[in-house]
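Asks: what's the 3D shape of this:
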Amino acid sequence: MFEEGVRLKRERGADAVFDFSLGNPDMEPPPAVLDALRRVAAAAVPVAWLYAQSGLSQVRETVARSSRGDRSGICREDVFMTVGSAGACNVILKSILDPGDEVIVLAPYFAEYQFYISNHGGRMVVVDTDATFLPDVERIARPSRREPAPSSSTRQQPTGRVYPESVLRDLDGLLTRAGQAIIVISDEAVQVLRL
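Replies: Just a heads-up that it's a prediction; the model follows:
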């Protein structure tokens, strides 16, 4: 994949090819980010460079406070930090999947989801989105497979874009009607937090 990107940039010009495959940045960090990194490195915060089992306490507290919004009850113990979303996806799927459990994945999706799911005994069920990458709740309720959905072995992992409130309400209605606990995993970029 990376070699093909290099080849296409040579063939068509670096300004005509954009690599969105893994979320890798294609530009240098802004000066403000580099300045912040220098400040952090110069601060010599004790234990800041050690492995942390679920993330540094101060960072988890900041994430919890930022995530709270108008919701209550989110605290640092509810936040588990990983390096990148691959680690997070694997941790959560290992925690919730039993062999044969289904994971509904909305297409288009990150190709590695298939490996994350199968690594932990799950079975990926792909459901197409519409031309604007919005999910169709009826397709999620009845994806192309024999047994009705959601079934007792269903988990879901949406992808891609910011969903309007109406779609989220429709998804909530589907989950409520399912009559069982269904876990929704959202793999999305988050805003940069000021620590």
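
Asks: could you find the closest non-adjacent residue to residue 137?
Replies: Counting by C-beta to C-beta, 6 or more residues apart in numbering, the nearest residue to residue 137 once its immediate chain neighbours are dropped is residue 170, at 4.3 Å. (C-beta placed from N, C-alpha, C; glycine too.)

Asks: where does the one you found land in three-state SS?
Replies: Under DSSP: H, G, I helix; E, B strand; the rest coil, residue 170 falls in the helix class.

Asks: how far away is it from residue 127?
Replies: 14 Å (C-beta to C-beta, to the nearest Å).

Asks: more neighbours: the two, which one.
Replies: More neighbours surround residue 127 than the other of residue 170 and residue 127, with 23 against 18 (other C-beta atoms under 10 Å).

Asks: was I right about the more buried one contacting residue 140?
Replies: Yes. At 5.4 Å, residue 127 counts as touching residue 140 under the criterion of C-beta atoms under 8 Å.

Asks: now do the shared contacts for these two.
Replies: 104, 106 (C-beta atoms under 8 Å, 6 or more residues apart in numbering).

Asks: now do the helices in this protein.
Replies: 2-12, 31-43, 57-68, 84-96, 113-119, 137-141, 165-177 (DSSP state H).

Asks: the second one: how far from the chain's middle?
Replies: This means helix 31-43. Centroid separation for helix 31-43 versus its chain: 27 Å, with C-alpha atoms, centre = their mean, to the nearest Å.

Asks: list the buried residues of that helix.
Replies: Within helix 31-43, no residue is scored as buried using 16 or more other C-beta atoms under 10 Å.

Asks: kindly report the same for the third one.
Replies: Neighbour-count burial for helix 57-68, with 16+ other C-beta under 10 Å as criterion, is recorded at 59-64.

Asks: on that earlier part again, could I get the helices of the chain as a markdown table with mean pLDDT and distance to residue 76?
Replies: Below are these laid out as a markdown table (pLDDT from 0 to 100; distance: least, C-beta to C-beta, whole Å):
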| stretch | mean pLDDT | distance to residue 76 |
| --- | --- | --- |
| helix 2-12 | 87 | 37 |
| helix 31-43 | 88 | 20 |
| helix 57-68 | 82 | 4 |
| helix 84-96 | 87 | 16 |
| helix 113-119 | 91 | 26 |
| helix 137-141 | 86 | 33 |
| helix 165-177 | 90 | 26 |
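
Asks: for residue 74, which of those is the nearest?
Replies: With C-beta to C-beta as the criterion, residue 74 lies closest to helix 57-68 of the helices of the chain, at 4.9 Å.

Asks: centre of the chain to the closest one, how far?
Replies: 18 Å.

Asks: need phi/psi at residue 56.
Replies: For residue 56, the backbone dihedrals (degrees, to the nearest 10) come out as phi -60, psi 140.

Asks: so how far is residue 45 from it?
Replies: Counting by C-beta to C-beta, the gap from residue 56 to residue 45 is 9 Å.
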